[in-house]
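# my questions concern the predicted model and sequence given below.
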Amino acid sequence: MEAQTRMRGSRVLVVNLTSVGGEVVKNLMLGGIGAITVIDSTKVLDQDLNVNFFFDKTQVSEYKVVAAESRIRELNPRVNLSISTDDWESKDTDYFASFNLIVATGLDKDQLSKFNTITRDLNIPFYAAGSHGLYGYIFVDLIEHESSVKYERNPVPKKLGVLNPVAEIVRITDTVENDVEIQNCIVKTKFNPFSSILVNTTNKFAPYFPTPRKLRKITPVLPILLALFEYAAVLGKPIEEVHIEPSDLQAKVVRVIADLQLPKEILDTNLVKKLANQAFCEFQPVSAILGGALSQDVINMLGRRELPLNNFVVLDGYNNEMPVFNL
Amino acid sequence: MYDSYLSRIFGDQADKFRESKVLMVGAGGIGCELLKDLLLMNYGEIHILDLDTIDLSNLNRQFLFRQKDIKQSKALTAQKAVESFNHNSKLVAHHGNIMDTNMFPLSFFKQFNIIFNALDNLEARFYVNKIALFTKIPLIESGTSGLKGQVQPIYPYQTECFACIPKEQPKSFPVCTIRSTPSKPIHCITWAKNFLFPQLFGEDASEQDKLKPQDVDSDNKAEIEALLKESNELLDLKALVMNAVPEDDSYVYKIIAKIFKDDIERLLLIETLWTTREKPTPLEFEETKAQTFDGQRLWTAAENVAVFVDSTHKIAQRLKTGPVDFDKDDEDTLDFVVSAANLRSHVFHIPLKTKFEIKQIAGNIIPAVATTNAIMAGFSALSSIHAFYNTVEEKVKHSKMVYDSNQPARFVNSSGLAPRNNRCPACSVTRGIITLDLSQLTVNDIREAIIAKYGYSDDIGIADGSRLLYDYDFDDNLETSLDKVCAYGDVLFITDADEELDSLELFIDRGDALELPAFTLPKAVKNTDTPEDEDDEDDFALEGEVIDLDGPKRKAEDEKEPAAKKRKLDASAEIEIVEL
């Protein structure tokens, strides 16, 4: 019940009505969040029709949020919906301070760093997501978060203290639910900001990938997605005008691998070519998965339940894999 | 162009989507999401099939449906709802039951390149799985339950099919536990909701509703007799309810005396039931003021009597304007189930429960979660991109099964497709399609045709489903016309009387002339080795919305569960209890 109240009391800002952004908006509307504001200054292009179910073909060249407004509202009339065609970068801190959660999609490295600095200053949870064809990511910064996680009592029960390098159990209550012994753990989780995800000063992979062999198993998609942050966002631009040289992307991937102190073998040249071609493409099933995972985490976060995603989720839609890295 | 992203990502394969016809079975929670995804992948033709109509409770997650659509066909409404974002696909909606062989004969399925299951019950899933095996059409199976879910691409006979791994059936209890020897609150709640409520307030009870000896799973004769008597006396109670007048609730006490006292006394006479169990105590009660109480606290037995009188009398009055069904959000019906379950628990010395707790259990319930549906539908749609490789080896190699994960290191678990199980009751069997006109042939006609076609040395046995049509010492039906004993869509089981050839399954499809599938039957396998370890059990038998006799269908609730493991997943995976 308390979780419901928190949902209904939440004001969420969704920045950019991309394909993933549209899925997030749909899920949060259905979830019955209190208020949603969608801000996007770009207009509907032909290519958006095939990746965003809020637009129809008569609406090409209208502002995206204006075109989508009535269809979004229909999903749940009880949600307080507002739209804005302003450029989010023109907004001041006070504007962002009026929300208690921000979700941004389709942004590049500089924009994300800037935005995350604002949300950290304001102490607002921040989510970001984007996709490149069959691949995509979710970035989560809840700064510090406490949630309750229920574990069935094992022969080796949970103990107070470190759960993993970023999470700590601070309280345990034993209960019995339907004849099952449950440990209800309050877990405190810490997050790293976006600015830290491209550097590695703390040997950050060691706790999760303790041996060289395990380190080499890190998906080659990770450094490529990180390298793609270096390219300026292409919102509102026809995909035909987007060209990324595989060699240029590869140089950036090599640099990311070096910066993160990952093994060189992680470079997958064929995959770099594939992603150079698919970069910034949107694809509906990929958007649905990213938008679903992000929204689920938002709902859990607001209800203070379950362990949150922490902090970089990679979706490999070709292999149906979704590893989560703590960067 | 609207499809420029697709061309960029898939190149020529984008055309393959456009040239393909797919079937989506189920337009509910997963279906609404999946339809949107398939449509925006520009599949050329999408058939939407669902037998259901839209219910108020669907609206908070089945995003294609609105208040105004309530009671309308899901399939047809979904089709209309996506018009605005349909740019290239031909949509065909079918309002009907997938298992209806008149509406959907085998020839209907043969037109599709891929079948997507978005179903909420095991029966229909096993059926579509069987259809996929008969037609060899790739099937992408999906299911969710709360925050859990899975997607399984099935390439018939190449990979594990839906029946290869035994599924955990939604839990049900032996009738006798519910009717005679309850030991847990859930047994009493099930009894109140599924037995007593329909008996007293259901549609006019007919002969059909009477309990018959074969319905009772017990070899205790005395117990069967007691149950039968009790059941049939309940019909008399129903008459009391139907004739109730507003100003007099005294008849309810007759009902209480009958169910919680007389019936219990009768059960006590059957001594064998109580040799290892605690004996129930028939209810002693006094007439009281009909009323209800705060649902958060536990009611006493006397309070439960008051609520039982109050709710029974209110429902009895409502029956005059039409039937009343149990609905956990209908206070009268919930009060009835709570008080009846608690009085029974009291009689059997089982802990009572609060109204709040019983509402959760009786509402049965893992709430469906919109985001899980969106995620699993996304993986289902995504899995179909591998169905366009040229060879089946490549299709299988690139496909993955997806499960929910409770490991912080990954949002989903995925694994390669397992080969088919040699002992699978569905896909290890030789099977084919027999086309014929049932009205033109007798049992003997097909018997002779089958013997000749596959070279049986002597005679065969023929069964339609589990019903024997012919074997060497049952030849009564030989000259019977097939349309008297079989229907299109049935499956014939053929066995070799000499046990030399393997058994055979033939799906009966409508056709003008008798046609039997061409293949050589393998030799019968003499199965002597022991069955595989039972602990290979899997728990991906999830359903959209679990409607069964049990309460929240938690993994942990299953007594034999601790040893069970998710196949191919980390053995260390922790079991998370999903609470919403």
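Arrived safely, thanks for sending. Computed from a prediction, not measured in an experiment: that's the story for all the values here.
# from chain A, how far out is the residue positioned nearest the centre of chain B?
Nearest residue to the geometric centre of chain B (C-alpha atoms, centre = their mean): B:Asn121, 3.3 Å. Separation of B:Asn121 from chain A (C-beta to the nearest C-beta, to the nearest Å) stands at 23 Å. In short, each C-beta sits where N, CA and C put it, glycine included.
# and that residue, backbone torsions?
Backbone geometry at B:Asn121, expressed as degrees, to the nearest 10, gives phi -140, psi 150.
# can you check B:Arg277 too?
The phi and psi torsions at B:Arg277 (degrees, to the nearest 10) take the values phi -120, psi 160.
# equivalent analysis for B:Val491, please.
With angles defined as degrees, to the nearest 10, B:Val491 sits at phi -120, psi 130.
# pretty sure it contacts B:Ile508?
Yes. Using C-beta atoms under 8 Å, B:Val491 is in contact with B:Ile508, at 7.2 Å.
# the more surrounded of the two?
B:Ile508 (23 against 17; other C-beta atoms under 10 Å in any protein chain shown).
# name whatever forms a beta bridge with the more buried one.
B:Ile434 (DSSP bridges).
# can you tell me the helix or strand for B:Val22?
Per DSSP states H and E: B:Val22 is located in strand B:21-25.
# I should have written A:Asn310 there, sorry.
Using DSSP H and E, A:Asn310 sits within no helix or strand.
# can you get me a residue count around residue 17?
Just so you know, I chose chain A. Counted with other C-beta under 10 Å, the neighbours of A:Leu17 add up to 29.
# that's the wrong chain, I meant chain B
Residues within reach of B:Phe17, counting by other C-beta under 10 Å, total 22.
# before we move on, back to that, rounded mean pLDDT for the very next helix or strand once past the strand holding B:Val22, please.
Reading on from strand B:21-25 to the C-terminus, the next helix or strand found by DSSP H and E is helix B:29-40. Regarding helix B:29-40, the rounded mean pLDDT is 96.
# how about helix B:29-40 against chain A, any contact?
Yes. In terms of C-beta under 8 Å from any C-beta of the partner chain, part of helix B:29-40 sits within range of chain A, namely B:33, B:36-37, B:40.
# now a PyMOL select for only the buried ones of those.
A single PyMOL command selects the buried members of the residues of helix B:29-40 next to chain A (16 or more other C-beta atoms under 10 Å in any protein chain shown):
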select buried, chain B and resi 33+36+37+40
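# now the two most distant members of the residues of helix B:29-40 next to chain A.
Maximum pairwise distance in the residues of helix B:29-40 next to chain A, criterion C-beta to C-beta, is 11.3 Å, between B:Glu33 and B:Leu40.
# my read: B:Asp52 touches B:Gln72, true?
No. Using C-beta under 8 Å as the test, B:Asp52 is too far from B:Gln72 to be in contact (10.3 Å).
# number of nearby residues for A:Asn16?
Around A:Asn16 there are 26 other residues, counting by other C-beta under 10 Å.
# and it, how far from A:Gln296?
20 Å (C-beta to C-beta, to the nearest Å).
# measure the residue nearest to the centre of chain B to B:Ser383 for me?
21 Å.
# contacts for stretch B:4-12, please.
A:46-47, A:50-51, A:133-134, A:238-240, A:277-278, A:281-283, B:1, B:14, B:17, B:41-42, B:385 (C-beta atoms under 8 Å, 6 or more residues apart in numbering or on different chains).
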